[in-house]
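Enquirer: below: sequence and its predicted model.
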Amino acid sequence: MIIAPYRDKLSQIVILNPKGGCGKTTLATNLASYFALRGPPPMLIDNDPNGYTSRWLERRSKDSRRIHCISDCKLTILGKRTWPSRIPSETETVIVDTPAALGPREITALTRNADCILVPVLPSAFDIHTATNFIAELLLLTQFERPVAVVANRTRLNTNSLEMLTRILADFETPTIGVLRNSQNYVHAADLGLGIHEMPHHRARKDIAQMDLIANWVDRLLRRTWEPEITPAFNVQPMSRAVGAGLAYAE
Ligand SMILES: Nc1ncnc2c1ncn2[C@@H]1O[C@H](COP(=O)(O)OP(=O)(O)OP(=O)(O)O)[C@@H](O)[C@H]1O
Ligand SMILES: [Mg+2]
């Protein structure tokens, strides 16, 4: 947990993969949108000088559920380590988006207080090789003390590459908690400053179901419970079966 003396319920999710374009910002913004719909306004920490997360939030309509954000530019001015003291007291979840090409020192600093680390991976042969090396390094850097999970992005279930990814990761005891298909809904949602859960349900139904598995896993890990009336209408899946459960949503 983050050391913030004035609150006792603050969880930090760090999205990490030094490989560019694998879906870090997509996952960070979609989880923020999910948490904003389900509970108090979450906070995004945008560590990327490109500022795509901050720009996503700027596009967001004032009528949408509130999400707080600290941009990389602001972090540079205020000091990278000052953000825990700038989190609004209402916030219970912090999602940290990170840039590509980070070195070991930066990774260590970013993950020091993480409650979980999510690694989006594009499961091509090359990306799997890079991602598994990175996860091995990450587990060593975090001394195996932080839960690490993988999200296979822009892929279909039942592919050889996905099977290879989950098999290799099983050796590291790192679960693949979700599979996101390649979908223009993510691109349209990002243009509007929205998450997949805020898109018309009839259009984004499959993507919502896939993202729900990831959000469920995070909720379970962080021991979140929602009021019965806002409990998502999907089953919470055991971690190890998350990918298998995703099969139910594949069409
Ligand atoms: N499942 C998906 N389906 C379709 N498009 C996607 C999907 N996931 C991500 N994208 C698109 O791929 C591009 C790269 O995604 P994103 O910006 O999330 O990656 P990133 O890891 O944050 O990149 P960087 O390392 O440059 O910060 C974006 O245009 C995004 O909209
Ligand atoms: Mg990004």
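Expert: Looks like it arrived, so ask away. Ligands and ions are numbered 1, 2, ... in the order given.
Enquirer: buried residues, stretch 103-123. List them.
Expert: 106-107, 110-111, 113-123 (16 or more other CB atoms under 10 Å). Every C-beta, even on glycine, is put in place using the N, C-alpha and C of the backbone.
Enquirer: and of those, the nearest to ligand 2?
Expert: Ligand 2 has its nearest neighbour among the buried residues of stretch 103-123 in Pro120, at 9.8 Å by CB to the ion.
Enquirer: make sure I have this right: that closest one is in a strand.
Expert: Yes - assessed by DSSP: H, G, I helix; E, B strand; the rest coil, Pro120 belongs to a strand.
Enquirer: not counting its neighbours along the chain, what's nearest it?
Expert: Closest residue to Pro120 apart from its sequence neighbours, by CB to CB, 6 or more residues apart in numbering: Gly23 at 3.9 Å.
Enquirer: same check, this time on Ile87
Expert: Met43 (5.5 Å).
Enquirer: which bits of this structure sit near ligand 1?
Expert: Within the chain, the residues that sit near ligand 1 (CB under 6 Å from any ligand atom) are 20-26, 48, 52, 99-100, 153-154, 180, 182-183, 186-187, 190.
Enquirer: what helices and strands are in contact with the helix or strand harbouring Val150?
Expert: Per DSSP states H and E: Val150 is located in strand 148-152. With contacts taken as 3 or more CB pairs under 8 Å, 6 or more residues apart in numbering; DSSP states H and E, strand 148-152 sits against strand 116-121, helix 125-141, helix 160-171, strand 176-179.
Enquirer: list the contacts of that strand.
Expert: 23, 27, 116-123, 131, 135, 138-139, 142, 162, 165-166, 169, 174-180, 214, 217, 239, 243 (CB atoms under 8 Å, 6 or more residues apart in numbering).
Enquirer: count of residues packed around whichever residue of the stretch 51-200 of the chain sits closest to ligand 2?
Expert: The minimum distance from the stretch 51-200 of the chain to ligand 2, using CB to the ion, falls at Tyr52 (5.0 Å). As a burial measure, Tyr52 scores 17 neighbours (other CB atoms under 10 Å).
Enquirer: with adjacent residues omitted, what lies nearest to the residue in the stretch 51-200 of the chain positioned nearest to ligand 1?
Expert: Proximity of the stretch 51-200 of the chain to ligand 1 (CB to the nearest ligand atom) peaks at Ala100, 3.6 Å away. What sits nearest to Ala100 in space, not counting adjacent residues and going by CB to CB, 6+ apart, is Gly20, at 3.6 Å.
Enquirer: what's near enough to touch Ser33?
Expert: With CB under 8 Å, 6+ apart, Ser33 has these contacts: Arg65, Ile67, Leu194, Gly195, Ile196, His197, Glu198.
Enquirer: most neighbours, which of those?
Expert: Result: Gly195 is most packed of these (other CB under 10 Å), 30 neighbours.
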